[in-house]
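> okay, structure incoming, though there's no sequence with it:
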Ligand SMILES: Cc1ncc(COP(=O)(O)O)c(C=O)c1O
């Protein structure tokens, strides 16, 4: 494979808030805007949520379309199950309780709920033009051109309706270009066979497909070398999330790229989550390593369903042979939202804002954990724009009860979150500090429970379980 010639964009001066210090934001000195926070918390019983759930689980397997939004991800008996609406950084459950939304629909809400610029673009598209047509629509060209301005490797673009589909398309393209079948993966890449076959939810997928997908761990360059050595000439690509929670050590990403190219494989970054969050040009800019192909999506259209596969023309023209075509691929309301979203990013420093709000939270979480000497039980990990808490018992094993206690207390204080927390353009410093204050209270309760040696006694519901057990071990997330 040939090297990528193009430059890495540094398109936003303040794109990762590097000059920002969170020192001015501390619990003992911050002056809270209490009025804006007064509606938060569980004030009403979950009777409508529970009644809907009774109906829903009868007619929908698992009761849900998205496991990461379903009751398995939230403390049963405490958490709401259905949300009715959102506004900015807030959401309301069907029983009228208000929360700061730190899960943001599995993180495609980057600007906030009901942001005028995006909603109007969608409404305008529907009312003046329509939804989808019998021939192509100009928006397909306009969004592709707009993406090229931000994403350094995006000479060409294909659209799909979600992340799973563009990841699948990238794998198929890499297999065709290299005439090889095996793929190596790290992170989460959606529900298609090639990927799910490598998880503990591989039901319904033939073993011959599972045999084609190999896994390695973040920062384990020797593990990757071993895979290339033991599958000589068979690996088409490495598909990975460039940043999860661990920082790359010892030039990890550059070494992955070098190894891929030495072995004739493509490097694909799945920037569904990191794109327009680490920087507009994704984690590839943040770490200075460009992949051969990349997928984007969640950071752009504020929740409208869209995924993008981008890359240089020399690879992307493989789609002249590789089949990628779907009825809704060029559906225009999501494209209108994407175009408005790309413009919104240009008009507002959304990425810098997410870094700043995230840093206030992450720095303070670490501080509050240290203050209570709880570091062996609770850890705050990752980056301001991609952070997650870890919970362990005294023997160092994942402690779901402790995680449940944390989530219970956060919800009661009006923060909807799981172990991972995300922030959007409409969260402000007051929201961030309320999240910190809620966490401090949750830590006090956790400390009491740990000291008493009885966490269960403090639980008011049944703690959440991970969607994939294996992925947690790999320090990845999923929806
Ligand atoms: C990094 C990454 N890739 C792929 C996907 C799959 O996207 P979707 O759920 O839209 O199919 C996700 C979704 O969480 C993701 O976070």
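Looks like it arrived, so ask away. What you see is a predicted model, and the numbers here were worked out from it, not measured in a lab. Residues are numbered from 1 along each chain as shown.
> got the contact list for the residue of the stretch 151-300 of the chain found nearest the ligand?
Nearest residue of the stretch 151-300 of the chain to the ligand: residue 163, at 2.3 Å (C-beta to the nearest ligand atom). Where C-beta positions appear, they are placed from N, C-alpha and C, glycine not excepted. Taking C-beta atoms under 8 Å, 6 or more residues apart in numbering as the contact definition, residue 163 lies against 189, 190, 270, 272, 295, 297, 298, 307.
> isn't the first one up against residue 238?
No: with contacts defined as C-beta atoms under 8 Å, residue 189 does not count as touching residue 238, sitting 11.7 Å away.
> distance from the helix or strand hosting residue 208 to the middle of the chain?
According to DSSP states H and E, residue 208 maps onto helix 207-210. Computed by C-alpha atoms, centre = their mean, to the nearest Å, the separation of helix 207-210 from the middle of its chain amounts to 27 Å.
> list the buried residues for it?
residue 209 (16 or more other C-beta atoms under 10 Å).
> for residue 390, give me its contacts.
When contacts are counted by C-beta under 8 Å, 6+ apart, residue 390 touches 378, 379, 381, 398, 419.
> my guess is it is in a helix, correct?
No: using DSSP: H, G, I helix; E, B strand; the rest coil, the assignment for residue 390 is strand, not a helix.
> who's it bridged to?
residue 379 (DSSP bridges).
> which pLDDT value goes with it?
For residue 390, the model assigns a pLDDT of 97.
> for residue 476, same thing?
For residue 476, pLDDT reads 49.
> give me the buried positions along the helix or strand where residue 255 lies.
Residue 255 belongs to helix 252-262 when assigned by DSSP H and E. Within helix 252-262, the residues scored as buried using 16+ other C-beta under 10 Å are 252, 253, 255, 256, 257, 259, 260, 261.
> show me which pair in those residues is furthest apart.
Spatial extent of the buried residues of helix 252-262 (C-beta to C-beta) is set by the pair 252 and 261 at 15.3 Å.
> show me what the helix holding residue 255 is in contact with.
1, 3, 218-219, 221, 224-225, 228, 237-238, 240, 242, 266-267, 287-292.
> what count of nearby residues applies to residue 309?
For residue 309, the count of nearby residues is 27 (other C-beta atoms under 10 Å).
> residue 371 is in contact with residue 444, correct?
No: contact criterion C-beta under 8 Å: residue 444 and residue 371 do not qualify, at 10.3 Å.
> so for those two, which sits in the more crowded spot?
Neighbours were counted for residue 444 and for residue 371 using other C-beta under 10 Å; residue 444 has more, 14 against 11.
> how about stretch 366-382, does it reach the ligand?
No: applying C-beta under 6 Å from any ligand atom, one finds stretch 366-382 separated from the ligand by no less than 13.8 Å.
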